[in-house]
Structures are given as C-alpha cells and as structure tokens.
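K.L.:
the following comprises the amino acid sequence and a computationally predicted model.
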Amino acid sequence: MSARLRRLRAKMADVGLDGFLVGAPVEDTFRTHAANRRYLSAFTGSTGWLLITADAAFIAVDFRYFEQAAREAPGFTLFRTNDGMESWFGGLVGEAGLTGKSIGFEPASTTVGAFQAMKKALEKIATGERPKLLAAPPLVEELRAIKEPEEIATIQRAVDLGDEVFQTVAQRIEPGWTERQVAWEIEKYAREHGAEGVSFETIVAAGPWGAMPHAQPRDYPIEAGEPVIIDMGLRVDGYCSDLARTIVVGDERDGRFREIYDIVLTAQLTAEELVKSGMSGEEAHMLAHSVIAEAGHGENFGHGLGHGVGLLIHESPRLAKTSKDELKDGMVATIEPGIYISGWGGVRIEDMVVIEQGKARVMSHAPKVASRP
C-alpha cells in the first residue's frame, strides 16, 4: 500500500492539499461503496475514515474495528473514534498536525451530514488554527483507473470464474425455467466455486423484457425459442467481473433475432479490435455505435459502450458518447454494445478487456454462440 500512498501524496502536492480525508457515503455492509478506503489501506470493515498527510496515515474506526484495522492496515496509525464525527474529528486533525492547513475531502462520497459534522468539529478550534476544508478532485479514482499487475491478475480470476459460471448454467437452462431461477443458479454456482458474491444483481431478461437494459428477473417461465439476455458478475478477493451474453434455448423462432444478434456481435468485435490507448471514451463508443447506426438501429443503442471495472463494478474510465476520459495502458473496461427494441426484446454482448501495449486484450472467453440445444 505504501506505493499507492506515495502516488496519492504526489497528487495531493500537485493540488495543494496538506491532508486528504477518505471515507464512504454509507456504512459499507455489502462492500460496494468504500473502494477508495480499501484501495489505500486494505481495510475491509464497513465504516471508518482515512486521513493522509505528507508523512503520516491515520485510520479512524470505532470499537468494532480496532483489531481488524490493526491487522488489515498495519501501515496506518490507529485512531479510536467514539460517538459522532463532531466529537472526534477535531482530535484527529490535531494529532495529524493539520491545524491551520488545508484538508481535502471527497465530495462524491461525503454526505451533507458528514460535512456539517466536520465543520462543527473544526469550529471548536481557534480561528487562526482552524484548517480549511476543500472539495478535492477524484485523486484516488484516478489512481484506481490504472490497474497494477496484481490487480489485473485478480480481475482475470474473477473473469475466468464468471466464464465458467455462465457456461455451466447456460447449458442447463431449459424451457420453463424462470428468469429468477436462472439468476439464483448463477449466484449459487458462483458462491460454491469461490466467489465472494455477485458484483451486482444478475440480470436475466427473456423476450420483450430484454428491451430494458437493466431489467430485473421475474418469476416468468422462459419459453423455447425466445432470446434471453444474461448479464452477470462476480467478486473475487474484492475485485469484480462483468459478462453479458444473449442466448436462445432451443430453435430460434424469430428470424429477426439472428439479424439483430449479428449486428451487435459485429459492433462488439469491431470495438474490441480497434479500441486503443490514447482514444477518448467517446471515440471508443463510436466504434460500435457507428456499426449499429449504419445498420439502422442507432436509436436503439442508448447506453454507453462500456465502463471501467475493479473494486467497483462501475468506475473510470467511461466509454460513452460524451466521455472525454482518455484510455491508457493498464485500464480495465467492458465492451458491451446492445440493441433494444420495445415490444420485441434486446441483444447485448459484453466482454471485459484490459488495455496493454496500446491495444485491448480480451479477458472474457465465454462462447458467443447465440443458440444452444
């Protein structure tokens, strides 16, 4: 973790911060909100704050996490909290030597309530020694966007397990299985074979339900011959995977499906082949969008081409029509074009890729065969 702190401190110096505060907007019971805290400290508890200075690093936790923080974040000085933030934040600032200096906080993950508590705590400090609270740019998110080799290896394990889960469950699906049953079988197999859990609620959408990109599974029996979108992800050692395939159980009963599927597959393979470092997220998106638009379905591809994946299922970079994010070596992202037609259904195909030596290396290897017996 010391290398990550060194990189963060360099960024703090660039923007003129003496201290940097890292927390989470909610108690992170399901480990989906405190990625920055975990990235810097390795602490996996549900609540706590980090305060980083040029030469020190503190972790502030309550009684529940004294021992856990000491074990997981040995490079941090343990600061024991009690009651609300208003009662202890001033003491932490003093111990960190930040009186009269500037402290950056993360506006995206600091609630109004937490900000008000910090201000009240600092009001107890004499005016001349009171530090300034400043909204900081996304310093940690910028670090997290470029994955270290160890992170890429962990993500690959999550991707590989996701491939296995999909292939195993997809081959078992029969007409009459409900969407909810498919989702449960995916989660069950994943947990039985080493996943900590799913990285988001599994999407299973059959027939016209597939026209909604984020449809929730129903107690709807899947019929033979209708398209089924399955979008799933797992967590392994804290890192996420993301995979989508569209299948038909039995014989395709709608000739339109093959036409739509082939357009989406062409768009996806084109993007995977041509995405490169130095591109903007918008340029990457348009690689696939142009293929779909030329086929007459531009208005039916309304979401972005992809998103970064790591400790969170959605993180930098964004691959979307308005994204100015620059793609760089070490970034991990999804490539997931789709076509969605109200009243008919949809097709989405998604892989994860890592940018290496200027090009995208595909990490996902689950088959892209639309039909199965």
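P.N.:
Structure's in. What do you need? Numbering: from 1, shown residues only.

K.L.:
what about the nearest residue to H289 once chain neighbours are set aside, how many residues close to it?
P.N.:
Nearest residue to H289, sequence neighbours excluded (C-beta to C-beta, 6 or more residues apart in numbering): F301, at 6.0 Å. Glycine gets a C-beta too; all of them are placed from N, C-alpha and C. Close neighbours of F301, defined as other C-beta atoms under 10 Å, add up to 26.

K.L.:
per-residue pLDDT, F301?
P.N.:
Note for F301: predicted pLDDT of 98.

K.L.:
residues touching the most centrally placed residue in the chain, list them.
P.N.:
The chain has I313 as the residue nearest its centroid, 2.1 Å off, counting by C-alpha atoms, centre = their mean. Each residue near I313 by C-beta atoms under 8 Å, 6 or more residues apart in numbering is listed here: 32, 199-200, 233, 240, 242.

K.L.:
what about it, which helix or strand?
P.N.:
Taking DSSP states H and E as the definition, I313 sits outside all helices and strands.

K.L.:
before we move on, back to that, roughly how far does the residue nearest to H289 sit from R258?
P.N.:
18 Å (C-beta to C-beta, to the nearest Å).

K.L.:
just E350 next, same as before
P.N.:
19 Å.

K.L.:
neighbour count winner among the two?
P.N.:
Using other C-beta under 10 Å, the more surrounded residue of E350 and R258 is E350, with 24 against 14.

K.L.:
of the contacts of I313, which belong to strands?
P.N.:
Judged by DSSP state E, strands contain the following of the contacts of I313: C240.

K.L.:
want to throw the contacts of I313 into CSV with neighbour count and distance to V169?
P.N.:
Compiled in CSV, the contacts of I313 are given as follows (neighbours: other C-beta atoms under 10 Å; distance: C-beta to C-beta, whole Å):
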residue, neighbour count, distance to V169
T32, 16, 23
S199, 26, 16
F200, 17, 17
G233, 28, 14
C240, 28, 19
D242, 27, 16
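
K.L.:
so which of the contacts of I313 comes closest to G306?
P.N.:
D242 (8.9 Å; C-beta to C-beta).

K.L.:
mind listing what G84 touches?
P.N.:
A117.

K.L.:
may I have the predicted confidence score for it?
P.N.:
For G84, pLDDT reads 92.

K.L.:
P373 now?
P.N.:
So P373 comes in at 59 (pLDDT).

K.L.:
now do the residue nearest to H289 against W344, distance only.
P.N.:
14 Å.

K.L.:
in stretch 312-319, what's buried?
P.N.:
For stretch 312-319, burial by neighbour count (16 or more other C-beta atoms under 10 Å) applies to 312-313, 315-319.

K.L.:
let me have those residues in CSV, adding pLDDT, secondary structure and distance to Q171 as columns.
P.N.:
Formatted as CSV, those follow (pLDDT from 0 to 100; DSSP: H, G, I helix; E, B strand; the rest coil; distance: C-beta to C-beta, whole Å):
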residue, pLDDT, secondary structure, distance to Q171
L312, 97, coil, 30
I313, 98, coil, 25
E315, 97, strand, 32
S316, 98, strand, 35
P317, 98, strand, 34
R318, 98, strand, 34
L319, 98, strand, 31
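
K.L.:
out of the residues you listed, flag the one nearest to I173.
P.N.:
I313 (23.7 Å).

K.L.:
where do the helices sit along the stretch 251-373 of the chain?
P.N.:
255-274, 281-294 (DSSP state H, counting those that start in this stretch).

K.L.:
what's the answer for the stretch 51-200 of the chain, then?
P.N.:
66-72, 85-95, 112-122, 139-145, 149-172, 179-192.

K.L.:
circling back: looking at the helices of the stretch 251-373 of the chain, which is buried most?
P.N.:
Sort those by mean neighbour count, taking mean count of other C-beta atoms under 10 Å, and helix 281-294 sits at the top with a mean of 20.

K.L.:
the inter-axis angle of it versus helix 255-274?
P.N.:
Helix 281-294 and helix 255-274 are oriented at 150 degrees to each other (axes from the mean of the first three to the mean of the last three C-alpha atoms, to 10 degrees).

K.L.:
and helix 281-294, how far out from the chain's middle?
P.N.:
22 Å (C-alpha atoms, centre = their mean, to the nearest Å).

K.L.:
do stretch 183-198 as well
P.N.:
18 Å.

K.L.:
got the CA coordinates for that stretch in CSV?
P.N.:
Listed next in CSV are the C-alpha coordinates belonging to stretch 183-198 (Å, rounded to 0.1, in the frame of the first residue of the first chain):
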residue,chain,number,x,y,z
ALA,A,183,-30.3,-15.7,-11.6
TRP,A,184,-30.2,-17.9,-8.5
GLU,A,185,-28.4,-20.8,-10.2
ILE,A,186,-25.7,-18.3,-11.3
GLU,A,187,-25.2,-16.9,-7.8
LYS,A,188,-25.3,-20.4,-6.2
TYR,A,189,-22.7,-21.9,-8.5
ALA,A,190,-20.5,-18.8,-8.2
ARG,A,191,-20.5,-18.9,-4.4
GLU,A,192,-20.0,-22.7,-4.4
HIS,A,193,-16.9,-22.3,-6.6
GLY,A,194,-15.0,-19.5,-4.8
ALA,A,195,-16.8,-16.2,-5.4
GLU,A,196,-17.4,-13.8,-2.5
GLY,A,197,-20.7,-13.0,-4.1
VAL,A,198,-22.1,-11.3,-7.2
